[in-house]
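>>> This is the structure alone, sequence omitted:
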């Protein structure tokens, strides 16, 4: 996902028409719900990726800290 923030409100109008067979302009209330649901899903997926990456980093952290401390202690002796 790009980190750039921009207005994507019109970006799903074609998808809405394809998925529902209705015009987004003529059914703006439904389109807003559709848009919000799709954006919420994308945000949830992005957050899940970030959380997974964070968990993986935290799982490796004790080993990295341990090796750093061990390497530092070798120089003290």
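Thanks, I have the structure now. A quick note: this is a predicted structure, and the numbers were derived from the prediction, not measured.
>>> which helix is the longest one in the protein?
helix 28-76 (DSSP state H).
>>> Below-threshold pLDDT in the chain: ranges please.
Scanning the chain for pLDDT under 70 picks out the ranges 1-3, 5, 66, 68-77.
>>> centroid residue for it?
Taking C-alpha atoms, centre = their mean, the centroid of the chain lies closest to residue 46, which sits 1.4 Å from it.
>>> Kindly spell out which helices and strands sit in contact with the longest helix of the chain.
Counting contacts by 3 or more C-beta pairs under 8 Å, 6 or more residues apart in numbering; DSSP states H and E, helix 28-76 packs against helix 13-20. Any C-beta I mention is one placed from the backbone N, CA and C, and that applies to glycine too.
>>> mind listing what's buried in the helix it packs on?
For helix 13-20, burial by neighbour count (16 or more other C-beta atoms under 10 Å) applies to residue 16.
>>> how big is the angle separating that helix from helix 28-76?
110 degrees (axes from the mean of the first three to the mean of the last three C-alpha atoms, to 10 degrees).
>>> what sits up against helix 13-20?
22, 23, 24, 25, 27, 30, 31, 34, 35, 38 (C-beta atoms under 8 Å, 6 or more residues apart in numbering).
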